[in-house]
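K.L.:
Build the 3D model from these lines:
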Amino acid sequence: MAQAAAFGDLVGAEATDVGVHVIEGPGMDMARVPQGGRNFEYLGEDPMLAGAMAVPYIRAMQAHGIIGMAKHFMGNDQEANRNTVNDIIDDRWGERGRHTNRQLLGRSSNRLSLVPGARDRAALPIRVRSFVHDFRDSKLEVTPKVSDGKHAILVQFFVQNTGSTPGAEVPQVYMGLPPATGEPPKRLVAFNKVKLNPGEKTKVQVLIDPAATNHPLATWDTESQNWTVAQGDYQAYVGNSSADVAAADSFTVRTPAGQGH
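P.N.:
Alright, predicted model coming up:
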């Protein structure tokens, strides 16, 4: 997130120099349409990733006394006919984008305003440029194997730099929800940057909290208007892209006997 913070710092400094008190940004819609006129200001193709990048961006900008105006949460994917186009967005997918981003941005500070408009789901692989590292011996392990869907899930694995140059890798953790939920096959739920010397190998541990603001295991129930965690088998994936999975493991969410879910 250092690049996001550096960019926010630059924006804040320039705003101060020209006497601007409010910046209409960051833009939070998903860059999913190649010809989209606003793609240059959006932060990515995944709701969780864009929200996570926005936090250091806004904090760095706010350090200069500048108000951040996070905007366009969904439905602002085109410039043509933007004043008359009718976006029909299902409540289930719309709420996931709105809630996830508002909760993530709520951690940034209180010098923040929100403008409606912006989020959808990733259609392209999420890729992070890095040096070549070996995930083939990652020994991915997910515990516990049976969860009640309320307590944290521990995902741990190894990352090794097999190159001849010191570098960094950003291993990403994706979750595959039970097929009955109708969710995409992989959902980005966590990522972590590690720096490694040539030949160095390190163990990475990531906690997936079902109660976190990005609701890593949940789907939005339009009838109850609440987040729910489905029972069933979940897949955990690790790789440096949603299209480049290096290892996988699974666990089961099951309601303990005598307890309501």
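
K.L.:
same question for the helix or strand that contains Arg92, mean pLDDT?
P.N.:
Element membership for Arg92, per DSSP states H and E: helix 91-105. Helix 91-105 carries an average pLDDT of 61.

K.L.:
SS state for Ala13?
P.N.:
Here Ala13 is helix, with the state taken from DSSP: H, G, I helix; E, B strand; the rest coil.

K.L.:
now the closest residue to it other than its chain neighbours: how far from Ala70?
P.N.:
Nearest residue to Ala13, sequence neighbours excluded (Cβ to Cβ, 6 or more residues apart in numbering): His64, at 6.0 Å. Where you see a C-beta, it was placed from the backbone N, CA and C, and this is true even at glycine. Distance check for His64 against Ala70: by Cβ to Cβ, to the nearest Å, it reads 17 Å.

K.L.:
and if you look at Gln156?
P.N.:
From Gln156 to Ala70 the distance is 33 Å (Cβ to Cβ).

K.L.:
do the same with Gln62
P.N.:
Gln62 is 12 Å from Ala70, where distance means Cβ to Cβ.

K.L.:
next one: Pro179
P.N.:
As judged by Cβ to Cβ, Pro179 and Ala70 stand 34 Å apart.

K.L.:
what does Phe7 give?
P.N.:
Distance from Phe7 to Ala70, by Cβ to Cβ: 14 Å.

K.L.:
that older thread, so between Gln156 and Ala70, which is more surrounded?
P.N.:
Ala70 (25 against 17; other Cβ atoms under 10 Å).

K.L.:
I'd guessed the more buried one sits against Met61; true?
P.N.:
No - taking Cβ atoms under 8 Å as the definition, Ala70 is not a contact partner of Met61, at 10.8 Å.

K.L.:
okay, now the domains of the chain?
P.N.:
Annotated domains of the chain cover 2-118, 133-253 [automatic domain parsing].

K.L.:
among the ones you listed, which gets the worst mean confidence?
P.N.:
When I compare these, domain 2-118 is least confident, with a mean of 76.

K.L.:
quick one: secondary structure of the most centrally placed residue in the chain?
P.N.:
In the chain, the centroid-proximal residue (Cα atoms, centre = their mean) is Met48; its distance is 1.9 Å. Per three-state DSSP, the local secondary structure of Met48 is helix.
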